Structures are given as structure tokens and as C-alpha cells.
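Using only what follows, build the 3D model:
(2 chains)
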Amino acid sequence: MRRLTNSLAILLLAIACLGQSGSPLASEHVRRIGNQLMCLCGCGSTLTSCNMLHCHFADPARARIAEMLAAGKTDTEIIDSFVQQHGKRILLQPPKEGFYLVGWIMPFVGLALGLLVVWKVVQYFRRRPAVATRLAEDAVLRKYRERIDSDLETME
Amino acid sequence: MENVGSLALILGLCLAAYSVVASVAGAVRKKPFLIKSGERAAYAVWFLVTVASALLVYALVAGDFRLAYVAGHSNRAMPAFLKFAAWWGGQEGSLLFWSFILASYSAVVVFTNRRKHRRIMPYVTAVLMTTQAFFLLLNTIVAPPFQVLAVGQGVTSVPDGRGLNPLLQYWAMIIHPPMLYLGYVGFVVPFAFAIGSLITREPGDAWIHTTRRWSLVTWLFQGAGILLGAAWAYAVLGWGGYWGWDPVENASLLPWLTGTAFLHSVMMQEKKGMMKVWNMVLISATFFLCIFGTFLTRSGVVSSVHAFAQSPIGKYFVTFLALGIAATVYLILDRLDYLKTEARLESVISRESSFMFNNLILLGSCFAVLWGTLFPVLSEAVTGEKISVGAPFFNRINIPIGLFLLFLTGVGPLFAWRRTSWESLKRNFAWPIAAAVVPVAALLLGGVRNAYALMSFGLCMFVAWTIAAEFFKGSRAISAKSGRNLLASMVELTHRNTRRYGGYIVHMGIVFMFIGFTGAAFNRDTTAEVNIGDTIRLGHYELRVADLQQGENDNYVWHRAVIEASKAGEPLGVLQPERRLYKASEQGTSEVSIRRRLNEDLYLNYAGMSDDNKRAVVQAYVFPLVGWIWIGSITLFLGTLVCLVPNKVRLEYPRTEIVGVAGPYAAVDK
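Model prediction:
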């Protein structure tokens, strides 16, 4: 009997948990805005793609987006209000202003510097002095050399 | 049992430290018995770590809930293979798993080289055992796997454990971590040989020849680990993404990128005696990025869905990295004369320079990913405010870099070694360019306006054509000579130079993967609240909800939607997306239902129930061409295996050898 009660309790809990609010996600507009904001529950996903059950952050945030849309707010106003409340970390990417510009520029600066280095290396290798070279003695060459030597030895 | 396990780890640590000292002392003082003793200590370390690992696995499978690790990562309801996989499901166990793989690799390296490379082997053993000692130090001090649950002075146990994270209870997730670890740990072997060769100033490229297969296999494991992770994310996370640019995903990509650069640039050293310093730098960077990746996963320095619990482990990693990098930089700078280039570059338009640009782009991509991953930490240090760097940032920067890399993949085989004439360039480029232009024009006419997608499809065709032409030209020549059919000639051609043609197969895999990545530009999705009998429309698809079911088993409770899919009235079958709630952890997961086809995947996710608990919320996605990513992965895997097959004919590369310097430079060069 006790086992049955436990099972029923778990089933009820599960139904309650599985019955999470998915409604705001049914709106294309909510999904679009949610895709521009980070879920801050630690999942690393956007508000739209956070898949945590009963996420303490994504669920109320999606509901809030839906409410703000219903109240006639624009996308920018909604995003700004989230930034005001949670800081810039809620944005999916660094804003293109101030210090954050460094974040955007550096990869290309790195690539440009790399290009410069490669160019210098190419120039260096091309300017290297002409060296007197001979083919390193590989196995095939060695075989022929030995054959010549032995042939020469057996020659009258 | 826990005492035996802990003792084995402590003894392992002591023996690893002894092995380092004995190997180096033996090499410096030329005492063979010390060197031998150091090698035997490496075998003993393997034995001890294996004993500790076996004890932990036994505790997990038998359900010894006195152990904190077992109670935290296993439970009675989990199937046996998941209990086994719990070995690497948590911080302590996965660090032990790291140690076990490293100890196994070390034992194999020491055994297979017991009669070879006697000058460098003591240093190889020392590098391997230094890394081993570091991880065993973590196993014994920071993250001991054999801690028991205690109340006051007594040992206690819990009736059942918390179980493995439900998201990890998926086949790809069971294989994904071991594959990644085999990759992460494996790069220590070529690194150890490189350092050994550097210390002893071993002439020639012995370290490269010896570790070529190690590097390739390790690279393969790393790649397979990354791709299995992508397959897992696609099938489990419920939103159809396969790569989220999560810091820990990025950490696994970084050594793979430098490893790829290394596999290309070693060819320059083998064939031309060039880029010796660069190869040392690359293999060292790859090894330290592997350690860095492990550090990112475990330290909590960046927040990630993959990260283990925050712990003081970070400072140990930082110390190890700082000391290791400093020692390596010193060694390379001190032995620059030993790493002198033997040849000169004759032309900018040559295979050599294409390799250099390939390296630049791979490293550029690596830097961009590393920069984006660490920028939140940097921004917090500078501005005081932590920001997020998500997928849009990485995509914006890496898409052009990736496309340029794809371009180089096609261009490389068209350039000859040493120099390429304009005439041959025109001749070689004409058909591949035509092959690229035709589909781009067709797509433009078909209304596709996404510039990146057009470029990507064009480049994919360009590269595919160059690869196909390489196979065709070679096999036609063999066919004309031997009279065999073209297919048999192609097999013969590949067998004659497995490395080259296996490499082309790998490149073909990359092309397939780019086709799959490009499909993401045309993704479509919708979300709907539905009841039995309702229909969702997405593109050409009609999805009718036939039933909504629920039930439970020992491990979890489930809700399922039974959905009949059809296209223009033609039935396509039934898809059954499911939502699970695991009882032990009270965590939910999505079991998405996917109809996989080459042109597109239909992907359904059961997101939950509506507010009134009467309707199911179903997310439907169409992912065009995504299947090509997995086809590309398999092709890449097969191509790498081909590279590992020995050539039918042993190829000798005649290398130029410096015998003197002519003219006015002679004095300078001396």
C-alpha cells in the first residue's frame, strides 16, 4: 500500500513537472526575441532554446516577454528592459561599443598579424642563401650505388 | 576496498614521481639500470591506477553507496552499462579515468619502444610520468574518488544514489567522453617525443615518424569525441542544435584545430625539412590546450553547461600549465640552432606556402575561439561586468574563416611542391571553378540570396571537384597501365599512397560537413499547443496528433505525443517525441523524434504541457541537409583509417641536404 502511495505521489509530481508552461513559446515573436537573449540559469542556451524543466529563469522571462508584447512594447524596448534588469550579460553577444569592441576586433587583428608573420616567413625562406645541395642518400639510390660499386669491382 | 583504492593512488603518485627522477638521472648520468627502473615504475603506475579504477567501477556497479562518488553518480535503477559510464560522469571519477588512459598510453609507449629510441626514451618517460604525477596528485589530494560518507566518526551509506545526470543517459554520451579523453590524453605522447628529441638534440625527424600514427589516432579520437558530442546535442537537447559554442565545447575544439594544423605542417618537415620550430610550437600548443581544456571543464572559471562543480582544482592546473609552458618555451629557444630549416621556399605559389596559409587560418580560428571563450573573464576584469559571448559572435567570426579554410582545402592539391607555373594554375583551376559556378548560378536563379550559403555551396563543389579529379587522374593512369577497371585502380591508387589519398577522403568528409553546416541557413520551425486530432503545418509537412500518452517505469515517468507525418497527402510514418522525468534526480529530458533524410530532417520535440494542462506543446523543426554532417563525420573517420594503413609501396622522399653554403653568405652562415 505504501509503495502504491509513493508511486502515485511520484506520478503526480511528474505530471505537475512535465506540465510546464510552454505557452509563450508557441508565439513566433516570443521565440524571436528569446533567441536574442541568454538564459541565465547556467544552461548556456538562449531563452528560446533553454530546455530545463521548470527553468527558474527562462519560464518567467518568456512569460514576461509575452506580457510586454501584449502591452505593445517593441522588440528593442523589451531587450533594453532585460538589459536594465540583468546587465549586458543577458545579451547573446558583446555590444559593439566601448571596451567590448576589442572583443570583436581582436580575432581579426590576430589573423592580420598572423598573415604578416606568414608573409615575413615566406620572404625569409625565399631570401635564404642558395645552398649547395645534394640528394640525401635514400634507399633506392643506395641500392644503385652499391650495384655500381659491385659491378665496378667485378669488372676486369 | 576504499582503503586499497586510495593506497593504490598514493603509491601510483610516488612511483610516477620516482619514474621521472630515475629516468632523468639515468639519462644524465648514463646509468641504464636507472632508466630501466624508471620504465618499470611506469608499468607499476599502470597496474596501480588500473586497480584503483577497477575498484571504483566495481563500487559503481555493485552500488556501494558508502562512497560519496557512487552515491552522487549512480543509483539502483540505472542499467549496468550506465553504472559503468558513471566512472567518467563526475569530477573525481573522470579525473581517475584521465589517469587510467594516460597510464595505459604510457605503458604502451614504454613497451613498444623498449628497444628503440634509447637516447630520447628516458625523457619521453619523464614527460609522460610528470603529467601522470600531476593527475595522480589531483586524484589523491583535490578530487579523491574513494571518499566515504560519514556521520560524526562513523562511515554511513545512503539507501540509493542520485544517479547519473539524465541528459548523459544516452548512447552517444556514453562514448563521447571516453573518445574525447582518448584524444585529450593522447596528444601527450607526440609532445613527450618532441620534448625528448629537443632535449637530446636527436638528429633527424625520428620523433615525427615515431608519433605520426599516435598523432593521427589521437586526432581521430578527439574529432570523434567532438562529433559524438554534436550528435548527442542534436538528439537530446531538444532544439536541434549540434554545436552551441559552449566554453567546454570550444575547449575540445581548440586542440583539435592546432592538432589539424600540426598534421599538415609535419609534412613540410618530413618532405622539405622546413618549419621545425613551428612543429615544436604546434605540438606543444596542442598538448597545453588539452590540459587547458581539462582545466576549463573543471575549474568553473567560465560558466558552462558541461562544467563539473566548482572546486579549488583550478590553481593546480594554472601552476602546471605555467611551469610546463615556461619549460617548453625555454627548451625551444635554447635549441633553436637544432631546429634550423634545411630548405628554401622557391615560390609563393606552391604547396609549401598553401600549407603555411592553412596553418595560419587554423591557428587564426583557434585564436578566435579561445578569445571568444575567455573574453567574458577579460571583460569582467576590465569593466567589472561579465558579459556573454554566444553563438552569434562565434558564427560571425568563424564562418568567413571556415570558408577560407575550405577554399584552401581545394587549392592545396592544385599547387605543386616547390613552385607552380601560371599555365598549370590556369589549367588546374578551370574545371573546379566551373564546377563551383554552376550550382551557385542555379541557386541564385532558384531564389537563394544568402551570400555565405552561396559561397559555401560553391566552395564545396570546388573542393569536391579537385578531390574527385585527383582520384580520377591517378586511377586512370593505373588503369591504362594495368588494364584494371577504374574502381580497382582507385583502390590500388589509394593503397599506394594511403596518407595522401586518405587525406583527400578526410577532406571530402569536411566538404560533406560544410554542406550540412550550410543547411542551417534554411532551417524552419514552429511551436504549437495541440490536442488529439489537431494538425501542425510546417513547410510541406502536415503533422496530425494521433494520440497523447503517458506512463512510467523504474527509472522515469514519460509523456509522449504520437504524431502522423505526411507530405502533400502522402503518409511519411509516425513520430513519437517524448518528455521524461527521472525519478531519482527529478530532472527532465526530451526524447526527440527525428525523420532523417539526406535532403532534410523533420525533428519533433515534446516541450511540455500547456498552462491548462490540457494540450501538449510540440516544437517542430525542419533542418535541411543536416544529415550530411554525420555522413561527413563517417567519411572523415574512414579517411583517417585509410591514412593509418601502411602504403603498399614504401615511399621515399628524397630530401635536400645542406652540404655547404656558396658565395658571400658562407662566412655569415658559419
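
Can you tell me the SS state at the residue nearest to the spatial centre of chain A?
For chain A, A:Gly44 is the residue whose C-alpha lies nearest the centre (Cα atoms, centre = their mean; 10.3 Å). Secondary structure state of A:Gly44, per DSSP: H, G, I helix; E, B strand; the rest coil, is coil.

Surely it is in contact with B:Glu249?
No. Under the criterion of Cβ atoms under 8 Å, A:Gly44 is not in contact with B:Glu249, lying 9.1 Å apart. Where you see a C-beta, it was placed from the backbone N, CA and C, and this is true even at glycine.

Per the annotation, how does chain B divide into domains?
With domains defined by automatic domain parsing, chain B comprises B:1-169, B:171-395, B:398-516, B:522-624.

With mean pLDDT added, can I get those domains in TSV?
Below are these laid out as TSV (pLDDT from 0 to 100):
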stretch	mean pLDDT
domain B:1-169	88
domain B:171-395	85
domain B:398-516	89
domain B:522-624	88
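
Could you tell me the phi and psi values at the residue nearest to the centre of chain A?
With angles defined as degrees, to the nearest 10, A:Gly44 sits at phi 80, psi 10.

ok, now B:Asn613?
phi 60, psi 20.

Kindly report the same for the one 5 residues further on.
The phi/psi pair for B:Val618 (degrees, to the nearest 10) reads phi -120, psi 130.

measure it to chain A for me?
9 Å (Cβ to the nearest Cβ, to the nearest Å).

Kindly report the same for B:Phe355.
The value you get for B:Phe355 to chain A, if Cβ to the nearest Cβ is used, is 10 Å.

and that residue, what element?
helix B:351-383 (DSSP states H and E).

Which strands and helices lie in contact with that helix?
Secondary-structure packing of helix B:351-383 (3 or more Cβ pairs under 8 Å, 6 or more residues apart in numbering or on different chains; DSSP states H and E): helix A:100-127, helix B:247-272, helix B:276-299, helix B:391-411.

These into a markdown table, with extra columns for distance to B:Ala77 and mean neighbour count?
Shown next, in a markdown table, are the helices and strands packed on helix B:351-383 (distance: least, Cβ to Cβ, whole Å; neighbours: other Cβ atoms under 10 Å in any protein chain shown):
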| stretch | distance to B:Ala77 | mean neighbour count |
| --- | --- | --- |
| helix A:100-127 | 46 | 15 |
| helix B:247-272 | 28 | 23 |
| helix B:276-299 | 27 | 23 |
| helix B:391-411 | 36 | 19 |
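
Which one, of those helices, ends up nearest to B:Asn359?
Closest approach to B:Asn359 among the helices and strands packed on helix B:351-383 (Cβ to Cβ): helix B:247-272, 4.6 Å.

got the angle for the closest one vs helix B:351-383?
150 degrees (axes from the mean of the first three to the mean of the last three Cα atoms, to 10 degrees).

Tell me how far helix B:247-272 lies from the chain's centre.
11 Å (Cα atoms, centre = their mean, to the nearest Å).

what's the angle from it to helix B:276-299?
Going by the same axes, to 10 degrees, helix B:247-272 makes 160 degrees with helix B:276-299.

tell me the strands in chain A, going along the chain?
A:131-135 (DSSP state E).

domain assignment for it?
When chain A is cut into domains by automatic domain parsing, you get A:21-90, A:96-128.

Mean pLDDT for the ones you listed - can I get that in TSV?
Formatted as TSV, those follow (pLDDT from 0 to 100):
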stretch	mean pLDDT
domain A:21-90	85
domain A:96-128	86
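
Output these as TSV; include the columns distance to B:Glu423.
Formatted as TSV, those follow (distance: least, Cβ to Cβ, whole Å):
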stretch	distance to B:Glu423
domain A:21-90	51
domain A:96-128	21
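
Please list all residues in contact with the residue nearest to A:Pro107 when sequence neighbours are not counted.
Here the nearest residue to A:Pro107 in space, its sequence neighbours aside, is B:Ala368; by Cβ to Cβ, 6 or more residues apart in numbering or on different chains that works out to 3.6 Å. Counting by Cβ atoms under 8 Å, 6 or more residues apart in numbering or on different chains, B:Ala368 touches A:Pro107, A:Gly110, A:Leu111, B:Phe394, B:Ile397, B:Asn398, B:Ile401.

do that again at 7 Å, thanks
A:Pro107, B:Ile397, B:Asn398, B:Ile401 (Cβ atoms under 7 Å, 6 or more residues apart in numbering or on different chains).

quick one: contacts for the residue nearest to the last one when sequence neighbours are not counted?
It stands for B:Ile401. Nearest residue to B:Ile401, sequence neighbours excluded (Cβ to Cβ, 6+ apart): B:Ser365, at 4.7 Å. Counting by Cβ under 7 Å, 6+ apart, B:Ser365 touches B:Leu257, B:Asn398, B:Ile401.
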